[in-house]
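> build me a model from this:
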Amino acid sequence: MGDMQRKYPTWHGYFEFITTVAPPTESVNFFSAQPCAHPYLQDTSAYKPIPFFSQYDKGDTSDTFFNETLRTARTIPHALAVARKEVLNLRDKAADERVTGSAGQPDYVLFVHLASGLNGYRDTVHGGVLASLLDEALGCCVEGFRQQLKAGERTALYTANLNISYRAPVASPGVYIVKAWLARRDGRKWFLEAQVVGEDGKIRADVKSLWVSEKPRAAL
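Numbers count the residues shown, from 1 in each chain. Got it, this is the predicted structure:
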């Protein structure tokens, strides 16, 4: 894989990274040929291709599960994210001053090529892998909003709850879409939802999730 040694430029914050660093050409070319991804990658689309942040080496021990273990020809050989342009243009605005996302208009979309090295049952992706993908997509989605808050409000966010429903088996190898969106925010509580969708449009798994931000230091 030509982009296996991707490094994260440490001078970038998350928001600056996804808006200034081009996604790998190899992944863009792969998913451009997939009918399910094509509508998201057109110039007239409401979405902008961005790098899948979790697959980049940060120079420390963070994200090693996705940038090492799950970035091989036998696991996830190709991954590409897109973000809704409306969300990327929220810079300098509060995250709760926005039209919320939905399944039909997700804030963050992750295209993944899942190989047979992720199997649990024969020719079927392990449910724990799907849970990890959903959680990671939700994390990237909510991080895009967190980074746009005022500095004093930009505290760390943590997964508090993942309520996953497995709707249908995820066959491997195959190409799948993970759609994530911020449903609403209530103070330090962020309510997000996501789906794993097949190329046929059928939902394979979905999740409702609660993320909680740390209290600002002044409030501790």
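
> can I get the longest strand that the chain contains as PDB, trimmed to CA atoms?
For the chain, the strand with the greatest residue count under DSSP state E is strand 174-186. Only the C-alpha atoms of strand 174-186 are listed here, as PDB (Å, rounded to 0.1, in the frame of the first residue of the first chain):
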ATOM      1  CA  GLY A 174     -17.000  -5.900   0.800                       C
ATOM      2  CA  VAL A 175     -17.400  -2.100   0.600                       C
ATOM      3  CA  TYR A 176     -19.500  -0.400   3.300                       C
ATOM      4  CA  ILE A 177     -20.600   3.100   4.300                       C
ATOM      5  CA  VAL A 178     -20.500   4.300   7.900                       C
ATOM      6  CA  LYS A 179     -22.800   7.400   8.300                       C
ATOM      7  CA  ALA A 180     -22.600   9.500  11.400                       C
ATOM      8  CA  TRP A 181     -24.300  12.600  12.600                       C
ATOM      9  CA  LEU A 182     -24.800  14.900  15.600                       C
ATOM     10  CA  ALA A 183     -28.500  14.600  16.500                       C
ATOM     11  CA  ARG A 184     -28.400  17.200  19.300                       C
ATOM     12  CA  ARG A 185     -26.300  18.700  22.000                       C
ATOM     13  CA  ASP A 186     -27.400  19.500  25.600                       C
END
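
> doesn't Val103 belong to a helix?
Heads up, residue 103 is Ala, not Val. No - in this structure, Ala103 is coil, not part of a helix, as judged by DSSP: H, G, I helix; E, B strand; the rest coil.

> taking strand 174-186 as reference, get the angle to the lengthiest helix in the chain.
Longest helix in the chain by number of residues (criterion: DSSP state H): helix 127-146. If you take axes from the mean of the first three to the mean of the last three CA atoms, to 10 degrees, helix 127-146 sits at 50 degrees to strand 174-186.

> okay, now Arg146: neighbour count?
By the criterion of other CB atoms under 10 Å, Arg146 has 20 neighbours. In this view, the C-beta of every residue, glycine as well, is placed from N, C-alpha and C.

> and Gln55, by the same measure?
Counted with other CB under 10 Å, residues neighbouring Gln55 total 23.
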